[in-house]
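In: how does the following fold in three dimensions:
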Amino acid sequence: MKKLKNNIRRNHSVVSYRENLEHLYTFNDFPIFMGCTNEPFEQDMFMDMTWTIDIDSGLIQLLDLVPLEILYSKQHMDATGATWDKYNDLLAKFISSEYKGDILEIGGGSGKLAKKVIAINDSLKYFIVEPNPLIKETDRIKIIRSFFSNKIKNKENGIGTVTLSQVLEHAYDPEEFLTEIRDFLPKDGKFIFGYPNLEFFFSNKHTNAINFEHTMLMTDFYVDYFLNKTGFKILKKEPFGNHSFFYSVQKGKEIKLDPSIILKGKYEKYKKMFIDFISYHEDMIEKINLKIQSHNGEIYLFGAHIFSQYLFSFGLSKDKIKAILDNSPIKIGKRLYGTNLKVNSPKILSDSLNPMVILKAGIYNDEIKKDILENINPNTTFI
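Out: Coordinates of the predicted model:
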């Protein structure tokens, strides 16, 4: 096992910057990358994933961070599936109804949102800041291969809007990140983005809420606070089911914290939510292990992603699992990082007589199950 040693210690609250963190739980030797790889297992890196809680604000946050150039050395997110298709369609329409000037997108790796936005708006210029883009540059979409920072200046005078999708929750210091966006924007510039409903995910025990990339349980309660603190005025905030929120905010004339926004009363609620999350998965894994030992047939685990890595960390037995299933074309044929299990398309189930699939993919469970039963193998059982 290869241990990552050059981690970043964040022993202060990202809300108050005080060193008032209380230890909650440590996942020992957790894989640092939530994607797939073709490299040998011996190259995989692991690090203890230690969760703490800010006693004052109740924000749950990671103690030790992976350096960005290591954590995001490869692209693993291509937004595959019916939910993501609908999400990108609606977010593109939301952006198109709210933006001003040309657009700069932060972290638009897959390029799917960019393509949808420019398809709606014929004359729009679109810029993407992304270290590992899957999309290729075109006449209307320009790529800046980099992480976004204050070193990137608004040299294109026409850029009046910054957008991003499922990126803000990745910021190690959200106040600093939002301040950099505000400084980049012109007067009255717009910031339009999609943000995951982390409170719904985590309260429903979904394992994609917090990890080495989502380094804090920054629910929309905290997002509203940070936007206000960094000088943004919230114009619109609309839910996309239980999946995400769509925000349209505008750069204000001055940075002035609204005194009515008080970060209190979340400590007990979020601490209990975390304790329930741990106990739920410990009990669930014990039951799943008993079921797979007694199953007479092939067993698969769905999700070449953080979903599966968490289950293994909680003690899911690998012995009888034949492979990991995933619909993403950039994952199929590779190996799930941190394991020796290869990734296959769910189509592999079509020839199986009595397949069992361990499916714990949060909000995506229903669409995955429906696709397998209706289009691949109706005899599949799920746990």
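
In: switch to C-alpha atoms for all contacts and neighbour counts from now on
Out: Will do.

In: and the gap between N132 and N327?
Out: Separation of N132 from N327 (CA to CA, to the nearest Å) stands at 21 Å.

In: make that I103, sorry
Out: For I103, the distance to N327 - CA to CA - is 30 Å.

In: of those two, who's got more company?
Out: Using other CA atoms under 10 Å as the criterion, I103 and N327 rank with I103 on top: 27 against 18.

In: hmm, who's touching stretch 25-43?
Out: Applying CA atoms under 8 Å, 6 or more residues apart in numbering, the contact partners of stretch 25-43 are 1-3, 44-52, 66, 71, 75-76, 212, 304-306, 309, 313, 331, 334-340.

In: the chain: helices as residue ranges?
Out: For the chain, the helices defined by DSSP state H cover 68-71, 82-98, 112-120, 174-184, 198-203, 220-229, 267-294, 306-313, 365-375.

In: okay, buried residues for the fourth one please.
Out: So the one you mean is helix 174-184. Residues of helix 174-184 classed as buried by neighbour count (16 or more other CA atoms under 10 Å): P174, E175, E176, F177, L178, T179, E180, I181, R182, F184.

In: just put these in CSV and tack on pLDDT and distance to S165.
Out: Formatted as CSV, the buried residues of helix 174-184 follow (pLDDT from 0 to 100; distance: CA to CA, whole Å):
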residue, pLDDT, distance to S165
P174, 96, 15
E175, 95, 17
E176, 95, 18
F177, 96, 14
L178, 97, 14
T179, 95, 18
E180, 95, 17
I181, 96, 14
R182, 96, 17
F184, 94, 18
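
In: out of those residues, flag the one nearest to Y17.
Out: Closest to Y17 out of these is E175 (10.7 Å), distances taken as CA to CA.

In: which residue packs closest to that closest one, ignoring adjacent ones?
Out: Closest residue to E175 apart from its sequence neighbours, by CA to CA, 6 or more residues apart in numbering: F226 at 6.0 Å.

In: surely that neighbour and F177 touch.
Out: No: using CA atoms under 8 Å, F226 makes no contact with F177, being 10.0 Å away.

In: can you pull the pLDDT of the spatially closest residue to E254 that is not a sequence neighbour?
Out: Spatial nearest neighbour of E254, excluding adjacent residues (CA to CA, 6+ apart): G231 at 6.1 Å. Looking at G231, its pLDDT reads 94.

In: and if you look at D56?
Out: 91.

In: on that earlier part again, number of nearby residues for the residue nearest to E175?
Out: Applying other CA under 10 Å, we find 19 residues neighbouring F226.

In: do you know how far it is from T179?
Out: 9 Å.

In: neighbours around I278, how many?
Out: Counted with other CA under 10 Å, residues neighbouring I278 total 14.

In: measure it to Y310 for me?
Out: Separation of I278 from Y310 (CA to CA): 11 Å.

In: go on, L4?
Out: 18 Å.

In: now K331: phi and psi?
Out: The phi/psi pair for K331 (degrees, to the nearest 10) reads phi -110, psi -30.

In: help me confirm that it comes into contact with V343.
Out: Yes: between K331 and V343 a contact is recorded at 6.6 Å, counting by CA under 8 Å.

In: which residues do those two both contact?
Out: Joint contacts of K331 and V343 (CA under 8 Å, 6+ apart) are A304.

In: residues in contact with K236?
Out: With contact set as CA under 8 Å, 6+ apart, K236 has these partners: F246, Y247, S248, V249.

In: and if we set it to 10 Å?
Out: Neighbouring residues of K236 by CA atoms under 10 Å, 6 or more residues apart in numbering: F94, E98, I192, F245, F246, Y247, S248, V249, Q250.
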